[in-house]
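Engineer: this is a predicted model, with the sequence first.
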Amino acid sequence: MLIRRLKEDAIELMDIEPIEAQLLRQVPGVCDSGGDNRSEARLFSSPADPSEGTFLSDWAEYVRPELRHLFLSARQTVKEDLEKLSNSPGRLGRLVLPRDHSDAWLNALNQARLILATKFNFSDRELSMHESPKWFSRRDLVLQQINFYAEIQERIIDAIEDE
Amino acid sequence: MAETVVETKVETSLGTPWNVVVHDDPVNLMSYVTMVFQRVFGFSKPKAQQHMLEVHYKGRSIVWTGARERAEFYVQQLHGYLLLATLERAE
């Protein structure tokens, strides 16, 4: 897959392999923590130590719903963009994202990576490893998925920084 | 250590300054954290990278110091980008 910025204020994902298309289509679903407490705790981390009681309760009441809305909105944008991913059998896929959707993509990919890393309890060391394992357990495949999403994030950042 | 912006005028009028602290997280990419610092605080790229590296190698970086209300706003912005950020009373 190649990711590049198009002149008309858009980002193009081209030559998308079927397995890459499948992983991309999983992003909105992966972002759903399913109520998993540890994932929720990571997505909505504490903004201060427990001595800041009033601030923390105000945060929970007013800020957390805004953050949840922001994260859901990013997922929805990605989901709608993915419906435009070309899907002809035997041909590589292509997807054009409006430039102003790049933040939603970066956010949703981050949500997906954070939730996968939390659910599968990856260590710092595992997350910084880049060599492929000799055989693949489900956990190894999830690590590959996290790294794939990281690559997409890197390339979107490169594309928007080229401006 | 990365340089930290201190808004002294605000400190004088509202008392104790507050730090915005960003903590290390193995999932957030270095390039992403750098981009977020540039956007939220208007840092130059070298300065944003300096703070990002401080987070990466030292586990945390004080990225801004000043009035409480503004610090709360910045922490909220950083949480919107899914960074681990907290508000702390400045020493």
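Structural biologist: Perfect, I can see it now.
Engineer: what kind of secondary structure is the residue nearest the centre of chain B in?
Structural biologist: Centrality entry for chain B: nearest residue to the mean C-alpha point is B:Val63, 2.7 Å, by Cα atoms, centre = their mean. Put simply, B:Val63 is strand when judged by DSSP: H, G, I helix; E, B strand; the rest coil.
Engineer: tell me how far it lies from chain A.
Structural biologist: Separation of B:Val63 from chain A (Cβ to the nearest Cβ, to the nearest Å): 14 Å. All C-beta spots, glycine's among them, are computed from the backbone N, C-alpha and C.
Engineer: hmm, who's touching stretch B:43-55?
Structural biologist: Outside stretch B:43-55, the residues that touch it by Cβ atoms under 8 Å, 6 or more residues apart in numbering or on different chains are B:1-3, B:22-24, B:30, B:33-35, B:37-38, B:41, B:60-61, B:63.
Engineer: which of the residues you listed count as buried?
Structural biologist: B:2, B:22, B:24, B:33-35, B:37-38, B:41, B:60-61, B:63 (16 or more other Cβ atoms under 10 Å in any protein chain shown).
Engineer: against A:Pro50, how distant is B:Asp25?
Structural biologist: Per Cβ to Cβ, to the nearest Å, B:Asp25 is found 20 Å from A:Pro50.
Engineer: who has more neighbours, the two?
Structural biologist: B:Asp25 (20 against 7; other Cβ atoms under 10 Å in any protein chain shown).
Engineer: what's next to the helix or strand harbouring A:Gly29, contact-wise?
Structural biologist: A:Gly29 belongs to helix A:27-30 when assigned by DSSP states H and E. Contacting residues not belonging to helix A:27-30 are listed as A:75-76, A:78-79, A:82, A:108-109, A:111-112, A:115-116, A:145, A:149 [Cβ under 8 Å, 6+ apart].
Engineer: closest to chain B out of these?
Structural biologist: Here the nearest of the contacts of helix A:27-30 to chain B, counting by Cβ to the nearest Cβ, is A:Gln111; it sits at 6.8 Å.
Engineer: isn't that closest one right up against A:Phe71?
Structural biologist: Yes: assessed by Cβ atoms under 8 Å, A:Gln111 is found in contact with A:Phe71 at 5.8 Å.
Engineer: and the gap between the closest residue to A:Glu40 other than its chain neighbours and A:Ser39?
Structural biologist: The shortest distance from A:Glu40 to any non-neighbouring residue, by Cβ to Cβ, 6 or more residues apart in numbering or on different chains, is to A:Ser33 (5.4 Å). Applying Cβ to Cβ, the value for A:Ser33 to A:Ser39 is 4 Å.
Engineer: and the strands in chain B?
Structural biologist: Remark: strands assigned in chain B by DSSP state E are B:5-6, B:18-23, B:60-66, B:84-89.
Engineer: need these in TSV (columns: mean pLDDT).
Structural biologist: TSV is the format used below for the strands of chain B (pLDDT from 0 to 100):
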stretch	mean pLDDT
strand B:5-6	61
strand B:18-23	97
strand B:60-66	97
strand B:84-89	96
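Engineer: between these, which one is nearest to A:Glu17?
Structural biologist: Taking Cβ to Cβ, strand B:84-89 is the member of the strands of chain B nearest to A:Glu17, at 33.6 Å.
Engineer: other SSEs contacting that closest one?
Structural biologist: If contacts are counted by 3 or more Cβ pairs under 8 Å, 6 or more residues apart in numbering or on different chains; DSSP states H and E, strand B:84-89 sits against strand B:18-23, helix B:68-80.
Engineer: any shared contact partners between A:Ser33 and A:Ser39?
Structural biologist: With Cβ under 8 Å, 6+ apart, A:Ser33 and A:Ser39 have common neighbours A:Ile115.
Engineer: I figured A:Trp105 hits A:Gln76, correct?
Structural biologist: No: with contact defined as Cβ under 8 Å, A:Trp105 does not reach A:Gln76; the gap is 12.0 Å.
Engineer: if anything else comes up later, I'll come back, but that's it for now.
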